[in-house]
Structures are given as C-alpha cells and as structure tokens.
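In: 3D, please:
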Amino acid sequence: MVGVDVLNTGVSFFSDRKLYQGFISSKIKDNIHGIIEAGFESNIYQKNNYDVKANGPFLKLGVFYMLAKDPENEFNGFYAGGKAAGSFYTQEYMAVPVRGYGGSSSSVSFPSSTQSSYWLEGTIGGRVQLFESNFFIDVNLQPRYLLFTTKQDDIQPMIVPGFGKSSSKFNMGFAWNLAYKF
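Out: So this is what the prediction gives:
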C-alpha cells in the first residue's frame, strides 16, 4: 500500500508549515504490517522573541498491528504500532533572546547549521476502503517522544522536521492519508 498525507499537504498552502509526507506499508504476517514513512518539512518559529527557521527531510521505520479488522476486507480496521524516526535538517536562528545587564533584553543571531534529531513515535489509527476501489482513507494519531538531538550552541531546537514545532520532548502528530493498495 502506498499513501500520501493529503491533510498536511493541503494545509501547507495556507500556513508557514510546509509538510509533505507519504508512506509505503506491507503486510508481513497475519495482522502485522511494516511501514516506511518519508517526507520533507519547512517551518518557522516566531514566538517569545525567537525567530527560527528549519527545513529538511525525515524518515520513519516501524510496524503496526491490526487490532480489529473487517472480515470481508483485512485492510479495513483499526491499528496500533510504533516507529523509530530521524531527521537531518538545516536550521537558522535569526533572533535568540538574551537578557542583558540591568534587565535589558536583546537578541543574537546564529548562522545556518546542519542538525539531526531522533525520536520514537507511536501510531494509533484506522483505515477504510473507498467504495469498491483500491483506494483507502487512512487516519492516524502519532504521539512522539524526542530521544536525542544535536544542539547549536546548547540551544534546544524549536523546530524538528517530521517531529514538529516544540520546545519539549513530547509532541503529537496527525495524518489523513489517501492510500492505494496494489
């Protein structure tokens, strides 16, 4: 099965976040399916006097288990699983707030640099066949936990492509895919 995240692609036309991703999944055995997701994200973070931009590709590898499936079509149903993910991206800090002497504040900038981040991601979702075709709608939630990230001058990344915009180790993703089963 091959799919494209049509929700995030569509939203990209109306927001600063440009997220394009797709997946390939295949049944391994019984109710177990393997999945590979890949994509590209470009985003900006302008909050609390920070001005940051990041962009780059990401890759996710994992498996999911069909928890409940339609007896007439084994690809219809609900599933849960997990993935290991990573991103190799470029980031640039145009402004990072710095507290000065006597409570004054200013900002400093840092040149563009290449970074990498790695995380674990759960997946909980469902898929349903569109009419009598080979097309499916696949919707899922993706709770994420950031395991490791490189840092530029000890600054925690504000944006990690594929992980999202966050200054914490936890984040949540969502995908609404249109998929085709060969």
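In: how close does Phe14 sit to Asn8?
Out: Here Phe14 is placed at a distance of 11 Å from Asn8 (C-beta to C-beta, to the nearest Å). For every residue, glycine as well, the C-beta is placed using N, CA and C.
In: actually Glu72, not the one I typed
Out: For Glu72, the distance to Asn8 equals 31 Å [C-beta to C-beta].
In: more neighbours: which of Phe14 and Asn8?
Out: Taking other C-beta atoms under 10 Å, Phe14 and Asn8 do not tie; Asn8 has more neighbours (21 against 7).
In: the more buried one reaches Gln21, doesn't it?
Out: Yes. Assessed by C-beta atoms under 8 Å, Asn8 is found in contact with Gln21 at 6.7 Å.
In: go ahead and flag the most central residue of this structure.
Out: Central residue of the chain (C-alpha atoms, centre = their mean): Gly162, 3.1 Å from the mean position.
In: who's the closest spatial neighbour of that residue, skipping the chain neighbours?
Out: Spatial nearest neighbour of Gly162, excluding adjacent residues (C-beta to C-beta, 6 or more residues apart in numbering): Phe58 at 2.8 Å.
In: that neighbour sits in which helix or strand?
Out: Per DSSP states H and E, Phe58 falls inside strand 50-70.
In: how far off centre is that strand?
Out: Averaging C-alpha positions (C-alpha atoms, centre = their mean, to the nearest Å) puts strand 50-70 4 Å from its chain's average.
In: one more: stretch 46-57?
Out: The mean C-alpha position of stretch 46-57 is separated from the chain mean by 16 Å, C-alpha atoms, centre = their mean.
In: Gly103: neighbour count?
Out: Gly103: 6 surrounding residues under other C-beta under 10 Å.
In: and it, how far from Asp51?
Out: 21 Å.
In: how many neighbours does Asn48 have?
Out: Applying other C-beta under 10 Å, I find that Asn48 has 8 neighbouring residues.
In: which residues does it contact?
Out: By C-beta atoms under 8 Å, 6 or more residues apart in numbering, the contact list for Asn48 reads Pro97.
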